[in-house]
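[1] Take a look and give me a structure for this.
(chains A, B, C and D)
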Protein chains: 2
Amino acid sequence: MCVPGYDKRPPGYDKYAFEPFAVTVDLAVFTIRDGALRVLLVERGQSPYAGQRALPGGFVLPDESAETAAARELAEETGLSDVTGLHLEQLRTYSDPDRDPRMRVVSVAFAALVPDPPEVRGGGDAARADWLPYGTGAYGPLAFDHDRILADAHDRIGSGIENTCLATAFCPPEFTLGELRGVYEAVWGAGLDPANFRRKVLATPGFVKPVHGAARLTGGRGKPAALYKAGPATALHPPLLRPTAEGRPS
Amino acid sequence: MCVPGYDKRPPGYDKYAFEPFAVTVDLAVFTIRDGALRVLLVERGQSPYAGQRALPGGFVLPDESAETAAARELAEETGLSDVTGLHLEQLRTYSDPDRDPRMRVVSVAFAALVPDPPEVRGGGDAARADWLPYGTGAYGPLAFDHDRILADAHDRIGSGIENTCLATAFCPPEFTLGELRGVYEAVWGAGLDPANFRRKVLATPGFVKPVHGAARLTGGRGKPAALYKAGPATALHPPLLRPTAEGRPS
DNA sequence: CTCTTTATAGTCGGTAAGACCATAAAGAGA
DNA sequence: TCTCTTTATGGTCTTACCGACTATAAAGAG
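    Okay, the predicted model is just below:
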């Protein structure tokens, strides 16, 4: 259960007892595909939890911070060459002594938002990785405490788009207000009134900026929509509350 | 910089390179005294940062989670025999490779709220601990990255009392609305209209419950105020926004 | 050509919040 | 004792916002 070297202490800490832990990062990577919220999950090939799905992740290397390690893992698991600009946010740390039956592992969890779902490369250290619909039973119980981590991540994203401009992190550089509304509907699992949503977003200074000039996008049905890009604002005042908003704890 | 035993790996992890880290908890413990927000700080007696103030904290023991370690440290540093019921919330994890010049230390930071400021006992592993006014220059730069941790903790508390019933965690079991308002004013550093604050709090179901019967508290000047206790609610809908609320990032 | 779908503009009523006023009830100081 | 100050509490007024709703525009599907 303990890492070797437990009884050795570097100079300066001789008076204190401490145990060295393995530190990992776990990533809850979300995207929107076909109007539904999806999460990137790998399939474990070895014990424990062999065959079950798990969040992608890995060890923090000696010269890395948890944030650096998370960005590296994000690039590796998604196959994206450049993850700068993607939203990558530290969630919290999970440190239950029994959370990994093999050894003592402390895991720093992150939530990441990816605009366009690129196909996942099959290689790497993970057996397989897929974008699976969140919360629809498309996957069984996750390995370790990853069900809880994923639920916490979803909570964080859900309240994040309420109070900040986070929703644009799901969108491509230029997007329509319908696409932005689709982000809220996918994350919250609730429908929003298009007209009221539009009024609210446009009334928030710095949330979105219109792309002037040739600013029409065709592709789907209905009247072509104007294009917007993310504005400079980061917080939403007042927040864009959920429709049936009730009892969302801290 | 590295803990000995770095090149040894337990069974099951042979294919992976990882470095064992020391894991600590750091606590930002707040209270309200004399209408001002104060934070518990220790004075370091040894290098590095000898003589500077620092957040209380310590190592996570082998059989502890970070939460357990934080509760233990909270009891040790405040001298409180029972810390159950106190608000103790994980903030985030700080893992910069250079944050401790002696060795690689990953620290899980917590924010704690204490109602009544008990006098700090002088003993323990910390040289000295005092409740110092937050953000008034009563202490110089803190050791390590504790200035940033403390600022993050203050941010979290500030937005926490906006969206949740967290403010009652600063109050004794029974309190007046004036005392509750004092919490908001101390944390936000801004004045609030007593009448509007009262209307808002009483209109939020489950925020506070009146203590019926003998429900008057004397002690200060002015008309005696009715007593309330914390209600069952945990979230505030809609939130109790700051007066000059602008630009509060995620 | 008509129907469906989506975007966009506008209206209406209710609620919440800030600013402000008025009264009540205590202590402080003359 | 009387007055002033301080705090609690109740109320009004006005503005802003938000949900519900209607109407129009502009595309594709059949």
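[2] The strand of greatest length in chain A: how far from the chain's middle?
    Determined from DSSP state E, the single longest strand within chain A is strand A:20-33. Centre-to-centre, strand A:20-33 and its host chain are 8 Å apart (Cα atoms, centre = their mean, to the nearest Å).
[3] next one: stretch A:149-162
    Centroid displacement of stretch A:149-162 relative to its chain, using Cα atoms, centre = their mean, is 8 Å.
[4] residues making contact with it?
    Here stretch A:149-162 makes contact (Cβ atoms under 8 Å, 6 or more residues apart in numbering or on different chains) with A:26, A:28, A:30, A:37, A:39, A:55, A:89, A:91-92, A:94, A:107, A:109, A:111, A:113, A:134-135, A:142, A:166-167, A:183-184, A:187-188, A:236, A:239-242, A:248, B:250. (Each C-beta comes from the backbone N, C-alpha and C, glycine too.)
[5] Tell me the buried residues within the residues you listed.
    Buried by 16 or more other Cβ atoms under 10 Å in any protein chain shown: A:26, A:28, A:30, A:37, A:39, A:55, A:89, A:91-92, A:94, A:107, A:109, A:111, A:113, A:134, A:142, A:166-167, A:183-184, A:187-188, A:236, A:239-240, A:242, A:248, B:250, out of these.
[6] Could you list which of those residues belong to helices?
    Taking DSSP state H as the definition of helices, these contribute A:183-184, A:187-188.
[7] among these, which two are most distant?
    Farthest apart among these by Cβ to Cβ are A:Val183 and A:Trp188. That separation is 9.3 Å.
[8] Any part of stretch A:107-116 near chain B?
    Yes. Using Cβ under 8 Å from any Cβ of the partner chain, stretch A:107-116 reaches chain B at A:Val108.
[9] what's the spacing between A:Val183 and B:Trp188?
    Going from A:Val183 to B:Trp188 by Cβ to Cβ, to the nearest Å gives 31 Å.
[10] what's the answer for A:Asp147, then?
    Distance, A:Asp147 to B:Trp188, using Cβ to Cβ: 37 Å.
[11] still on that earlier bit, if we check DNA strand D, which of the contacts of stretch A:149-162 are in contact?
    A:240-241 (Cβ under 7 Å from any atom of the strand).
[12] Just the ones in strands from the contacts of stretch A:149-162, please.
    Those of the contacts of stretch A:149-162 mapping onto strands are A:26, A:28, A:30, A:37, A:39, A:89, A:91-92, A:94, A:107, A:109, A:111, A:113, per DSSP E.
[13] Kindly indicate which of those lies nearest DNA strand D.
    A:Leu37 (20.5 Å; Cβ to the nearest atom of the strand).
[14] for that closest one, what are its contacts?
    The contact partners of A:Leu37, by Cβ under 8 Å, 6+ apart, come to A:30-31, A:133-135, A:154, A:186-187.
[15] 10 Å instead, please
    Residues near A:Leu37 by Cβ atoms under 10 Å, 6 or more residues apart in numbering or on different chains: A:30-31, A:131, A:133-136, A:154, A:157-158, A:170, A:183, A:185-189.
[16] again, but for A:Leu180
    Contact analysis of A:Leu180 by Cβ under 10 Å, 6+ apart lists A:161, A:167-168, A:170-171, A:197-198, A:201, A:207-208, A:228, A:230.
[17] returning to what we had before: go through the ones in strands among the contacts of stretch A:149-162 and name the one nearest B:Asp82.
    A:Arg92 (25.1 Å).
[18] in the sheet, who's paired with that closest one?
    Beta bridges link A:Arg92 to A:Ala109, judged by DSSP bridges.
[19] can I assume it is in contact with B:Thr93?
    Yes. Between A:Arg92 and B:Thr93 there is a contact under Cβ atoms under 10 Å: 7.7 Å.
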